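# Sequence and predicted structure below; questions after.
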Protein chains: 2
Amino acid sequence: MKEKLDAIIPKATAKRLALYYRYLRTLHDKGIDKTNSKELSEALQVDSATIRRDFSYFGELGKRGYGYDVENLVNFFAKTLNDDQLTKVALVGVGNLGSALLKYKFHQNNNLRISVAFDSDKNLVGKKIGDIEIFPMNKIKEILEKEKLEIVILAVPSEVAQELAEELIEIGVKGFLNFTPHRIITPNDVVVQSVDLTNELQTLIYFLKKKKEEL
Amino acid sequence: MKEKLDAIIPKATAKRLALYYRYLRTLHDKGIDKTNSKELSEALQVDSATIRRDFSYFGELGKRGYGYDVENLVNFFAKTLNDDQLTKVALVGVGNLGSALLKYKFHQNNNLRISVAFDSDKNLVGKKIGDIEIFPMNKIKEILEKEKLEIVILAVPSEVAQELAEELIEIGVKGFLNFTPHRIITPNDVVVQSVDLTNELQTLIYFLKKKKEEL
C-alpha cells in the first residue's frame, strides 16, 4: 500500500514531506494526538488547501473529518523519508561553507549525519571538525565503499563540481546535495538536490518586489 | 506590459527565474545570441516542457520558433529580479553558518551583497569578516534605517527566530532569508524564503529511495 501511495506523490508535495514531518514530531513530542490543515497551515505558512491536497496522497492517513492522527503520520513520514534508519553521508569540500555544514546539526532529532569529509587541501587533511575527520581525495573511493555511503554533500568550487560529480558517480555515488551554483548533469539513476544560496536570495528579492506591486 | 506579465507568473516558475537568469548570462558572456528549451533543459536539468511553459509567461520574449533571444531575456530577468540595481541585505547571527554566509560570494556576478552583520555575542561585535563589520543587536534599528535595508538573512538559533523576526518586522524589515529550521510566522506584507538544510537532505534521501523503487 505504502509503495503505491509513494509512487503517486507529486514532486512539489514530496518537497514538503520533511517540513510536515518535523512539525508533526514537535506536536507528537508535546503529546498532541490530532491536528488539522488549518493548524498546520498557520504553523508552516503553507496554504491549507495545499496541505489538504498533499495529505490526500497519504491515503487513509490523510483522511479529514475529525483531523489527522499525529502519531500515525509521524510513523508514516519516518518510513517514507527513511528516517527510521540512520543515513550517513559524506561531505566533499571543507571550505567556509563546508566547515559550517560539518558543524551544522543535521542529526538533531534526525537520523542523518555527515560521517566523513574530504578535501584536496593538505593543510586540512587529517584534521577533525567536530567528530568528523577530513580525508584526502584519493581515499574517497575506498572510504565510501567501506562505509557504504552513496550520498555526497558537494561544497566545492563551482568550476570543479561537474568533473568531481562524474568521478563520484563512477565510484557509486547516487545522490548529491549540491551547494555549488553549478547545475551538475548526472545520469538518470542519480538524484541531485540543489541548494543555491544566491538563487534563494534573488527569489526573495523578486517576491518582495512583487508583494510591493500588489499592495 | 512587464508589470502585467509579472502578475501572472506562478510561484513555481518564479522560483526558477534566478536559475534561468544565471545560465542565460553565461550564454550571453560567451557571445551566444539564441537558445532553446532543449539546450536550457540539458544545462539546467529542468524538463523542457516546464521551461517552455515558464517562458510562455514572459510574453513576446518567450516566443519559440527560432529560439529565445538571450540578450533580451537577460535584460528582462535583470529587471524582474531587481538585479539591475544593487540590493544590500543585513545578516543577523554570526555563528558557524552566519560566518560562512558572510564569506559567501553572493555578489559574484550579481548585484547583491551583505553589507552589515549583527550578533549578540560581545566577542564578535566590532570584528569584521571580509569587509563586513559585526554590530551589536541594539544598533540594528539605527543601522537598518540609515542604510535603508529591508532584507535580513536570519542565521540565529531556532529558538529565538520567531521573536527576533517580530522585532525586526516592527523596525521595518520586509523580507527574510531564513536559515533556521523554525518556520517564522509573519504578516502578509512580509516575505520569507526558507533555506532548511535538514529538509533539503531529507528530501534528497526521499527522492533517492523513490528512484531505487522505480528502477
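Ah, there it is.
# what's the next secondary structure element after the longest strand along chain A?
Secondary structure of chain A per DSSP state E: the longest strand is strand A:112-119. Once the chain leaves strand A:112-119, the next helix or strand it forms, by DSSP states H and E, is strand A:128-129.
# pLDDT below threshold where in chain A?
A:1-7, A:62, A:64-65 (pLDDT under 70).
# wait, does the longest strand of chain A contact chain B?
Yes: Strand A:112-119 reaches chain B (CB under 8 Å from any CB of the partner chain) through residue A:112. Any C-beta I mention is one placed from the backbone N, CA and C, and that applies to glycine too.
# and if you look at stretch A:165-185?
Yes: legend: contact between stretch A:165-185 and chain B by CB under 8 Å from any CB is shown at A:174, A:175, A:176, A:177, A:181, A:183, A:184, A:185.
# Now the two most distant members of these.
A:174 and A:181 (22.3 Å; CB to CB).
# If you count neighbours, what's buried in stretch A:106-126?
A:106, A:110-119, A:124-125 (16 or more other CB atoms under 10 Å in any protein chain shown).
# now, which of these sits nearest residue A:163?
The nearest one, if we look at the buried residues of stretch A:106-126 relative to residue A:163 and count by CB to CB, is residue A:118, at 14.7 Å.
# what domains does the record give for chain A?
Domain ranges of chain A: A:11-79, A:87-198, per automatic domain parsing.
# The first one and chain B in contact?
Read that as domain A:11-79. Yes: using CB under 8 Å from any CB, domain A:11-79 comes into contact with chain B via A:12, A:14-15, A:17-19, A:21-23, A:42-45.
# What of stretch A:201-213?
Yes: for stretch A:201-213, a contact with chain B is found by CB under 8 Å from any CB, at A:201-213.
# Need those residues in CSV (columns: distance to residue B:93 and neighbour count).
Below are the residues of stretch A:201-213 next to chain B laid out as CSV (distance: CB to CB, whole Å; neighbours: other CB atoms under 10 Å in any protein chain shown):
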residue, distance to residue B:93, neighbour count
A:201, 16, 26
A:202, 21, 28
A:203, 21, 22
A:204, 17, 26
A:205, 20, 24
A:206, 24, 24
A:207, 22, 17
A:208, 20, 21
A:209, 25, 18
A:210, 27, 18
A:211, 24, 15
A:212, 26, 12
A:213, 30, 10
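# Could you work out the most separated pair of those?
Maximum distance among the residues of stretch A:201-213 next to chain B (CB to CB): 19.2 Å, for A:201 and A:213.
# Please name the residues that touch residue A:196.
Neighbour list for residue A:196: A:179, A:181, B:18, B:19 [criterion: CB atoms under 8 Å, 6 or more residues apart in numbering or on different chains].
# What segments of chain A are helices?
Ranges of helices in chain A, per DSSP state H, are A:2-7, A:11-29, A:37-44, A:48-56, A:70-80, A:96-103, A:140-147, A:158-170, A:197-214.
# Single out the most deeply packed of these.
Per residue and on average, the most neighbours among those fall to helix A:96-103, with a mean of 22 (mean count of other CB atoms under 10 Å in any protein chain shown).
# got the helices of chain A as JSON lines, with distance to residue A:88 columns?
Shown next, in JSON lines, are the helices of chain A (distance: least, CB to CB, whole Å):
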{"stretch": "helix A:2-7", "distance to residue A:88": "23"}
{"stretch": "helix A:11-29", "distance to residue A:88": "18"}
{"stretch": "helix A:37-44", "distance to residue A:88": "28"}
{"stretch": "helix A:48-56", "distance to residue A:88": "29"}
{"stretch": "helix A:70-80", "distance to residue A:88": "17"}
{"stretch": "helix A:96-103", "distance to residue A:88": "13"}
{"stretch": "helix A:140-147", "distance to residue A:88": "7"}
{"stretch": "helix A:158-170", "distance to residue A:88": "15"}
{"stretch": "helix A:197-214", "distance to residue A:88": "25"}
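# Which of these sits closest to residue B:133?
Of the helices of chain A, nearest to residue B:133 by CB to CB is helix A:96-103, at 17.9 Å.
# quick revisit: sort out which one of the contacts of residue A:196 lies nearest residue A:78 for me.
residue A:179 (26.1 Å).
# With the flanking residues excluded, which residue is spatially nearest to the closest one?
residue A:155 (4.7 Å; CB to CB, 6 or more residues apart in numbering or on different chains).
# I'd guessed the one you found sits against residue A:94; true?
Yes: between residue A:155 and residue A:94 a contact is recorded at 7.5 Å, counting by CB atoms under 8 Å.
# which of the residues of stretch A:165-185 next to chain B are buried?
Counted by 16+ other CB under 10 Å, the residues of stretch A:165-185 next to chain B give A:174, A:175, A:176, A:177, A:181, A:183, A:184 as buried.
# how far away is residue A:104 from residue A:27?
Using CB to CB, to the nearest Å, residue A:104 is found at 24 Å from residue A:27.
# repeat for residue A:102
Taken as CB to CB, the span from residue A:102 to residue A:27 is 31 Å.
# now swap in residue A:202 and tell me
34 Å.
# Could you do residue A:199 as well?
Taken as CB to CB, the span from residue A:199 to residue A:27 is 32 Å.
# Then residue A:185?
Counting by CB to CB, the gap from residue A:185 to residue A:27 is 40 Å.
# cool, residue A:193 as well?
For residue A:193, the distance to residue A:27 - CB to CB - is 26 Å.
# Residue A:198 too?
35 Å.
# same question, residue A:113
Counting by CB to CB, the gap from residue A:113 to residue A:27 is 24 Å.
# for residue A:190, same thing?
35 Å.
# Residue A:93 too?
Residue A:93 is 37 Å from residue A:27, by CB to CB.
# Beta-bridge partners for the nearest residue to residue A:127 once chain neighbours are set aside, please?
In this structure, residue A:127 finds its nearest non-sequential neighbour in residue A:134, 5.3 Å apart by CB to CB, 6+ apart. Beta bridges link residue A:134 to residue A:117 when assigned by DSSP bridges.
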